[in-house]
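# Provided below are the primary sequence and the corresponding predicted coordinates.
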Amino acid sequence: MKLCQVPDLVPAVFLAAVLCSCSTAPSPRPVFLFHVLLYRPPVEVTKWEADPSLVADPEGAALNAMKAMQRGDFDAWLSNWQPSERPAATAEERRAFVSQGQSLRGVGVELLGRVVADADVVVEFSFSGPKAPPGNFQIPLQRADGRWWFTAIDPASDYMHWETSTNKIVEYVDPNAFGQHMDAVRSPTSN
């Protein structure tokens, strides 16, 4: 008679094993979504002037860095790095920076938007004109000590290649809001 009970136990044991394995099986990897805020149309910032008071805003800090690059002002560009993370540059690297800056003079610059990358932000620009380098230019930033600084982000991350990522949420921002926001951030003494 006990032999008859074994087959009845097999389905129960099998079902219990299946139920237990489901509760301990790894759950599917959660999808992390990040935001991409794009100006439509892009904001023309070619004539924008650098302003130290704008470092409290990611776009302002990125614009200051972009202007330092266009002027070939290595020391101003370097000041956008936290002192503990500033790259040590050789004389040859400084000359190359100045040369690259000369190639950006007279090139149109447009602010495309920002990628919110966890606690960091990637500000993206494009260039226009006959001497414009191809592609977009990204400046990754991190907030510390009340301002935004250059930071290193993995170049292979979704944040740096947001166009092809399936984990993004794209939102569009009124380009007029940019100027109004920058005017509000700018210090009264720099107007």
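Received the coordinates, thanks.

# Surely F127 touches G108?
Yes - using Cβ atoms under 8 Å, F127 is in contact with G108, at 6.5 Å. In this view, the C-beta of every residue, glycine as well, is placed from N, C-alpha and C.

# just checking, A117 touches I153?
Yes - at 6.3 Å, A117 and I153 qualify as touching, with contact defined as Cβ under 8 Å.

# Looking at those two now, which is surrounded by more residues?
Between A117 and I153, A117 has the larger neighbour count (other Cβ atoms under 10 Å), namely 22 against 18.

# Give me the nearest residue to the more buried one, chain neighbours excluded.
Y159 (3.8 Å; Cβ to Cβ, 6 or more residues apart in numbering).

# and that neighbour, how many neighbours?
Neighbours around Y159, by other Cβ under 10 Å: 23.

# Who are the contact partners of it?
Listed by Cβ atoms under 8 Å, 6 or more residues apart in numbering, the contact partners of Y159 are F34, V115, A117, D120, V122, P140, I153.

# That one: helix or strand, and which one exactly?
Using DSSP states H and E, Y159 maps to neither a helix nor a strand.

# Could you measure from it over to L141?
Applying Cβ to Cβ, to the nearest Å, the value for Y159 to L141 is 11 Å.

# Now do the shared contacts for these two.
D120, V122.

# picking that back up, so which of the contacts of Y159 would you say is closest to E163?
V115 (10.1 Å; Cβ to Cβ).

# Now the residue nearest the centre of the chain. Nearest residue, chain neighbours left out?
Among the residues of the chain, V122 comes closest to the average C-alpha position under Cα atoms, centre = their mean, at 1.8 Å. Counting by Cβ to Cβ, 6+ apart, V122 lies nearest to V115, which is 4.1 Å off, once chain neighbours are set aside.

# Could you look up the SS state of that neighbour?
Secondary structure state of V115, per DSSP: H, G, I helix; E, B strand; the rest coil, is strand.

# Which SSE is immediately downstream of the helix or strand bottoming out on mean pLDDT in the chain?
Lowest by mean pLDDT, DSSP states H and E among the helices and strands of the chain is helix 2-24, with a mean of 38. Next helix or strand after helix 2-24 toward the C-terminus (DSSP H and E): strand 34-44.

# Show me what that next one is in contact with.
For strand 34-44, contacts defined as Cβ under 8 Å, 6+ apart pick out 108-118, 126, 158-159, 162, 165, 167-175, 178-179.

# can you pull out the helices in this structure?
Taking DSSP state H as the criterion, the chain contains helices spanning 2-24, 58-71, 74-78, 91-104, 175-185.

# No further queries at this time; thank you.
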